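Asks: Following is a predicted model, sequence given first.
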Amino acid sequence: MSKEKIALFTIFGGTGDLAQRKLYPSLFKLYQKGYLQEHFAVIGTARRPWTDEHYHQVVADAIADLKADPATVTKFASHFYYQSHDVTDAQHYVTLKKLSEKLDAQYGLQDNRIFYLAMAPNFFGTIAQHLRSESILTTNGFNRVIIEKPFGHDFESAKELNDQLTATFNENQIYRIDHYLGKEMIQNISAIRFGNNIWESLWNNRYISNVQVTLSEKLGVEERAVYYDNSGALRDMVQNHILQILSLLTMEQPVEFTEKDIDVEKVKALRSIRALKPEEVATNFVRGQYAAADGVKAYRHEDKISPESNTDTFVAGKIMIDNYRWSGVPFYVRTGKRLADKFTRIDIVFKRPVLNIFNHDDVRENGDAKTSLESNVLTIKVEPTEGFELRMNAKAIGQGFATNPVNLNFAHDSAATANSPEAYERLIHDALNGDATNFTHWQEVAYSWKFVDTIQKYWDEHTPDFPNYRPGSMGPVVADQLLAKDGHEWVYKQ
Ligand SMILES: NC(=O)C1=CN([C@@H]2O[C@H](COP(=O)(O)OP(=O)(O)OC[C@H]3O[C@@H](n4cnc5c(N)ncnc54)[C@H](OP(=O)(O)O)[C@@H]3O)[C@@H](O)[C@H]2O)C=CC1
Ligand SMILES: O=C1O[C@H](COP(=O)(O)O)[C@@H](O)[C@H](O)[C@H]1O
């Protein structure tokens with residue numbers, strides 16, 4: 001059976017950064033792998049008056065790093081068409097419909113449509129409404145819309161946006177992108193949990209002491225200062241990526257590994273997160289903003305950022321899950337810009353053995369049992385290395401009976417990861433297949449915003465003492481104290 005997928009992509013925001021850095025390279029990789037062949041076309045739209053020839057050059061430049069042979073690049077780019085289009089102008093949709101129908105006939109696209117909204121979210125509702133009112137949606141093939149983040153600014157705006165979208169599309173036609181769900185090792189969470197009895201049987205509050213999720217970035221806000229200053233780390237990373245990861249780590253085993261069953265379990269997990277009362281925010285969540293150091297400008301002195309900005313460029317928090325499996329286990333999360341390094345990791349910290357029988361001095365202290373044995377830690381390395389590490393206690397070589405922690409390591413080999421589809425490529429492929437498993441469903445978005453809104457509201461009402469961390473560090477000292485007061489510490493320290 002041919003693996004070819006047949007569709008017309010209409011990219012709103014076709015001249016933008018996301019389209020050029022992520023979408024065109026991903027489409028090209030799907031083309032190289034034969035998922036896209038003869039029966040696909042792309043209409044790129046935006047306001048600037050580009051010609052098709054110029055657009056082909058932009059597409060070729062966007063994939064230049066992939067070092068493909070020029071003939072293949074030219075053939076691929078020939079499937080791209082540019083339409084100058086202001087999304088607020090109804091007349092432009094009439095032209096868009098004509099071009100879509102022409103390309104459908106030319107490439108045999110069977111009325112299959114993917115609308116990719118790679119634009120600022122305030123336009124999503126307008127676009128969806130025009131797609132319906134100007135009858136751009138087809139009746140015979142599929143119509144799917146891929147929505148970029150951020151999906152709203154808070155619960156109310158997310159709901160309003162969702163209402164606008166669902167006036168045109170059913171929930172099963174809406175693909176809300178969270179690119180972390182397209183990452184190899186995030187998808188691997190389910191494989192290790194449900195594919196290995198040793199983990200699933202220990203995956204609960206009897207054996208796990210705490211879980212730590214770290215999404216660390218070395219860079220600052222780069223080109224996205226205006227968006228970021230209006231968002232901050234909590235909205236930019238916690239509401240979506242971190243809570244999605246948390247739902248995969250904590251959900252119950254789905255009846256079947258299908259979109260519907262996984263969504264049911266993820267929603268239950270997100271519903272089980274203990275909502276914070278306003279007075280509990282300060283003891284459970286801390287925020288930070290980077291100062292100047294070592295030639296790096298302070299956040300408040302970055303281009304397009306107000307010198308008085310109180311936007312959080314770092315957040316760390318403790319999240320409790322009120323269900324039978326997780327009651328009592330803290331989930332510590334942290335993310336930030338201008339930290340020590342660029343990496344993502346999940347550390348599952350197991351409870352220590354109750355006694356250390358190997359060292360008699362340790363066994364009793366003031367009549368209490370005490371152990372100096374280290375906790376076992378399972379680390380899921382999401383990036384840059386993709387793999388797992390397990391810290392165990394083993395006998396130290398030599399006389400006597402001392403123990404040492406040792407690490408068991410597995411990393412995907414670099415050849416395999418080089419060929420593994422990048423997140424956007426994988427997610428676009430899923431959307432072509434009509435598989436929304438690795439996209440965010442509305443109820444998940446809604447519960448995530450409700451949790452985050454309480455924290456954001458408290459922060460908006462209390463002025464922080466910023467800046468409070470050095471670029472190149474792992475964030476403010478309050479992030480360490482958050483764990484220390486529970487008798488824990490971050491597994492990854494600088
Ligand atoms: N860039 C990134 O790395 C990421 C981006 N995102 C999200 O993706 C979306 C796009 O981001 P990004 O590509 O960076 O943004 P850009 O500002 O680079 O692109 C915005 C696009 O919208 C077009 N546009 C603006 N106004 C109109 C209009 N009235 N009618 C038609 N087109 C218009 C612009 O083209 P023109 O000016 O020619 O009209 C441009 O193509 C945003 O929602 C962002 O949050 C999410 C994750 C990462
Ligand atoms: O969604 C976002 O993610 C990126 C980090 O993604 P990664 O795949 O490079 O880890 C972040 O830089 C950006 O601010 C945020 O909007």
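Replies: The structure has been received and is ready for your questions. Residues are numbered from 1 along each chain as shown. Ligands and ions are numbered 1, 2, ... in the order given.
Asks: Residue 118 contacts residue 16, doesn't it?
Replies: Yes - with contact defined as CB atoms under 8 Å, residue 118 reaches residue 16; the gap is 5.7 Å. (Glycine included, C-beta is placed from N, CA and C.)
Asks: Any residues of this protein in contact with ligand 1? List them.
Replies: 13-18, 46-48, 85-88, 118-121, 148-150, 227 (CB under 6 Å from any ligand atom).
Asks: Which members of those additionally contact ligand 2?
Replies: residue 149.
Asks: neighbour-wise, which of residue 118 and residue 16 wins?
Replies: Comparing residue 118 with residue 16 by neighbour count (other CB atoms under 10 Å), the higher total belongs to residue 118, at 23 against 17.
Asks: if I look at the closest residue to the more buried one other than its chain neighbours, how far off is residue 277?
Replies: Spatial nearest neighbour of residue 118, chain neighbours left out: residue 13 (3.6 Å); criterion: CB to CB, 6 or more residues apart in numbering. Per CB to CB, to the nearest Å, residue 13 is found 40 Å from residue 277.
Asks: quick one: which of those two has more around it?
Replies: Using other CB under 10 Å as the criterion, residue 13 and residue 277 rank with residue 13 on top: 21 against 10.
Asks: returning to what we had before: if I pick the residue nearest to residue 118, what's in contact with it?
Replies: Shown in contact with residue 13 (CB atoms under 8 Å, 6 or more residues apart in numbering): 19, 45, 46, 116, 117, 118, 119.
Asks: any chance of the residues you listed in JSON lines, with secondary structure too?
Replies: Shown next, in JSON lines, are the contacts of residue 13 (DSSP: H, G, I helix; E, B strand; the rest coil):
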{"residue": "19", "secondary structure": "helix"}
{"residue": "45", "secondary structure": "strand"}
{"residue": "46", "secondary structure": "strand"}
{"residue": "116", "secondary structure": "strand"}
{"residue": "117", "secondary structure": "strand"}
{"residue": "118", "secondary structure": "coil"}
{"residue": "119", "secondary structure": "coil"}
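Asks: Quick check: the residue of the stretch 151-300 of the chain nearest ligand 1.
Replies: residue 227 (5.7 Å; CB to the nearest ligand atom).
Asks: Can I get the helix or strand where that residue lies in CSV, CA atoms only?
Replies: Using DSSP states H and E, residue 227 sits in helix 225-229. Output in CSV follows, covering the C-alpha atoms of helix 225-229 (Å, rounded to 0.1, in the frame of the first residue of the first chain):
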residue,chain,number,x,y,z
ALA,A,225,10.4,39.6,22.9
VAL,A,226,7.0,41.2,22.3
TYR,A,227,5.1,37.9,22.6
TYR,A,228,7.2,36.7,25.5
ASP,A,229,6.9,39.9,27.6
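Asks: Let's test this: mean pLDDT of the host helix or strand of residue 102, rounded?
Replies: Taking DSSP H and E as the criterion, residue 102 maps to helix 90-107. Average pLDDT, helix 90-107: 97.
Asks: buried sites along it?
Replies: Buried positions in helix 90-107, judged by neighbour count with 16 or more other CB atoms under 10 Å: 92, 93, 96, 99, 100, 103, 104, 107.
Asks: Distance of the first one relative to residue 10?
Replies: In other words, residue 92. Residue 92 is 12 Å from residue 10, by CB to CB.
Asks: any common contacting residues for those two?
Replies: residue 45.
Asks: Which one of the residues in the chain is closest to ligand 2?
Replies: Nearest to ligand 2 in the chain, going by CB to the nearest ligand atom, is residue 236, at a distance of 4.8 Å.
Asks: in the stretch 301-450 of the chain, which spans are strands?
Replies: Taking DSSP state E, counting those that start in this stretch as the test, the strands found in the stretch 301-450 of the chain are 314-319, 331-336, 343-350, 364-365, 368-369, 377-383, 387-395, 403-411.
Asks: circling back to that earlier point, can you narrow the buried residues of helix 90-107 down to the ones near ligand 2?
Replies: Applying CB under 6 Å from any ligand atom to the buried residues of helix 90-107, none is adjacent to ligand 2.
Asks: and those residues as CSV, adding distance to residue 348?
Replies: Listed next are the buried residues of helix 90-107 as CSV, based on distance: CB to CB, whole Å:
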residue, distance to residue 348
92, 51
93, 50
96, 49
99, 51
100, 48
103, 49
104, 49
107, 48
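Asks: what separates residue 4 from residue 183, distance-wise?
Replies: Using CB to CB, one gets 26 Å for the distance from residue 4 to residue 183.
Asks: and the gap between the residue of the stretch 351-494 of the chain found nearest ligand 1 and residue 149?
Replies: Residue of the stretch 351-494 of the chain nearest ligand 1, by CB to the nearest ligand atom: residue 424 (9.5 Å). Going from residue 424 to residue 149 by CB to CB gives 12 Å.
Asks: Who's the closest spatial neighbour of residue 454, skipping the chain neighbours?
Replies: The nearest residue in space to residue 454 (CB to CB, 6+ apart) is residue 276, at 5.2 Å.
Asks: tell me the pLDDT at the one you found?
Replies: The model reports residue 276 with a pLDDT of 98.
Asks: that's a helix at it, yeah?
Replies: No - read with three-state DSSP, residue 276 is coil and lies in no helix.
Asks: Measure how buried it is and give me the count.
Replies: Around residue 276 there are 21 residues (other CB under 10 Å).
Asks: contacting residues for the closest residue to residue 219 other than its chain neighbours?
Replies: Nearest residue to residue 219 in three dimensions, chain neighbours excluded: residue 337, at 6.7 Å (CB to CB, 6+ apart). Counting by CB under 8 Å, 6+ apart, residue 337 makes contact with 217, 219, 220, 221, 233, 290, 299, 313, 314.
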